[in-house]
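**Q** quick one, structure for this:
(chains A and B)
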Amino acid sequence: MIPLHFIFTLAGTTLLEAARNRLFWLAAIAVGVALGLAQFLNQVAITESLEIQVALLAALLRVTAVFIVATFIITSMVREANDKVTELMLSQPAPRSSYFLGKFAGYALVAIILALAFALPLALFAPTAGLMAWAASLVCELLIVTSVSLFCVISLTQVLSAFAATAGFYFLSRSMAAMQVIAGASLTSEHTFADTAINWIVDAIALLLPSLDRMARTDWLVNAGPGMGETLGLLGQSAIYVVLIACAGLFDLHRKNY
Amino acid sequence: MTERSLNDVPKAVLAILAGALALQISLKMAHPVVPPAASDLRPPPSQSSLHLASLGDPIPLAKVLMLYLQSFDYQASNRISYQALNYDTVQQWLLRILWLDPRGQYPLLAASRLYAEVPNETKVRQMLEFVYEQFAGDPDRRWPWLAHAAAIAKHRLNDLPLAKRYAAAIQKHATGPDVPLWAKQMEIFILEDMNELETARIMIGGLLSSRTIRDPAEIRFLDQRLREIEARLTSQP
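**A** Okay, the predicted model is just below:
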């Protein structure tokens, strides 16, 4: 039986920790800085000023949201481990899965609040349909980053290594489509063993990574939003990947000896 | 946790802090930022590099690169901007930016209204031909730039056959429902007996009334251009 009360309490304390760490103030400052920077570049442009403002604001806010979520999760979990709070929580009469689910639920709530808060300023510039799709996709992207950050910090237990692994995952996932295109575009018609091996390795890695390059696209804000098929595909991809990485995190957590 | 009083900080630390801050500010003021010169423009990164750097979202990168390119050899007080640039390199940059964001209009606006308006006929022709080649990629969106290229060919280069070639291309290929009637009859428009200012006013007026131009920054920029044409024509004998 899953102790729901334990999970909800953990989620609530995680949310409270985010508030006490002034995470939401940080997000507000980040929005202000991004708006200022986008406005500054807007002044320099002689055309497409609105598109430039939207494109740069969206890109900045997306990267900032990912950074804030990953940093918060990793530092919070490492501090809990160092203060022995993790051991205290795991000594409670609740399975380890409940601890993991409670923490994940709390961090996921923080990610969702951040995604919606960062989508809000774009409402001044972008059409509603595209903005809603972008916001939903950003929620999905941040949930994936949440699960990956949690998995990395449980496995690696140190701030620097967990953050490096999460950042590496994020940039690799965003550039994997480009890498596959580059790997497959040989200048000669003859393929050496090295070409084939590299192609195979890149394709194999791509199978294990989510298609983050298809998420939170600026295209949707300046041109047309995604179709229903594309939206459902992204939701499905996010759900599958979050479950996959959450299970990997649970696997590691259950195997750890505290 | 309360903090200790300011008096607990050693005076030497405060003095060195203030001195270092003053030195830092003086150093920055002594070396002001100089806008990049024309000779500093290097060829753009490869398509593969840009594809990787865009992290799956090419539009923001395209916008930033366009603003970066625009900053070369441009100063508000410099009345002969851009002509010192290597136009082969400029063309490579514009092609890269268009490849990243094919629906963006900024590169062709820059080609037709910035880089093609220099007092160097060879460079002007090179940019006009670039606009003509890119027009074929998306005629229903890119026709305003070729229309301006036709006007430049007629009034600045005094090359009516070239202007007619561009106008004929617009007439033949820009057939979408959002293309205004005067653009679809571009050849006739080009052959009208009007000076450059009248041509520019009618074209810009037509673009405004058909809502092809809506960006406030672009409207300000075109208004400034009209005044420059007017000043140039009144100063000619």
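**Q** show me where chain A has strands.
**A** Secondary structure of chain A by DSSP state E: no strands are present.
**Q** in it, which helix or strand is least confident?
**A** In chain A, the helix or strand scored least confidently by mean pLDDT, DSSP states H and E is helix A:193-207, which has a mean of 85.
**Q** how distant is it from the center of its chain?
**A** 26 Å (C-alpha atoms, centre = their mean, to the nearest Å).
**Q** residues of chain B that sit close to chain A?
**A** Residues of chain B lying close to chain A (C-beta under 8 Å from any C-beta of the partner chain) are B:48, B:51-52, B:54-57, B:59-60, B:63-64, B:67, B:70-71, B:103-106, B:109, B:114, B:215-218, B:221. C-beta here means a position set from N, CA and C on the backbone, and glycine is covered the same way.
**Q** thinking again about what came up before, which secondary structure elements does the least confident helix or strand of chain A contact?
**A** In terms of contacts (3 or more C-beta pairs under 8 Å, 6 or more residues apart in numbering or on different chains; DSSP states H and E), helix A:193-207 is packed against helix A:159-184.
**Q** next, the angle helix A:193-207 makes with the helix it packs on.
**A** Interaxial angle, helix A:159-184 versus helix A:193-207 (axes from the mean of the first three to the mean of the last three C-alpha atoms, to 10 degrees): 130 degrees.
**Q** when you scan helix A:159-184, is anything in it near chain B?
**A** Yes: Helix A:159-184 reaches chain B (C-beta under 8 Å from any C-beta) through A:171, A:174-175, A:177-179, A:181-182.
**Q** identify the farthest-apart pair in the residues you listed.
**A** Greatest spatial distance among the residues of helix A:159-184 next to chain B (C-beta to C-beta): A:Phe171 and A:Val181, at 16.4 Å.
**Q** one step back: out of the residues of helix A:159-184 next to chain B, which end up buried?
**A** Among those, those that count as buried by neighbour count (16 or more other C-beta atoms under 10 Å in any protein chain shown) are A:174-175, A:177-179, A:182.
**Q** just how off-centre is the lowest-mean-pLDDT helix or strand in chain B within its chain?
**A** When the helices and strands of chain B are scored by mean pLDDT, DSSP H and E, helix B:186-191 comes last with a mean of 76. The chain centroid and the centroid of helix B:186-191 are separated by 26 Å, computed with C-alpha atoms, centre = their mean.
**Q** following element in sequence after that helix, please.
**A** Note on helix B:186-191: by DSSP states H and E, the next helix or strand toward the C-terminus is helix B:196-209.
**Q** how about that next one: buried residues?
**A** Under 16+ other C-beta under 10 Å, the buried positions of helix B:196-209 are B:196-197, B:199-200, B:203-204, B:206-207.
**Q** surely A:Leu57 meets A:Leu124?
**A** No: A:Leu57 lies out of contact with A:Leu124 (C-beta atoms under 8 Å); the separation is 9.2 Å.
**Q** okay, those two: which has more neighbours?
**A** Taking other C-beta atoms under 10 Å in any protein chain shown, A:Leu57 and A:Leu124 do not tie; A:Leu57 has more neighbours (27 against 12).
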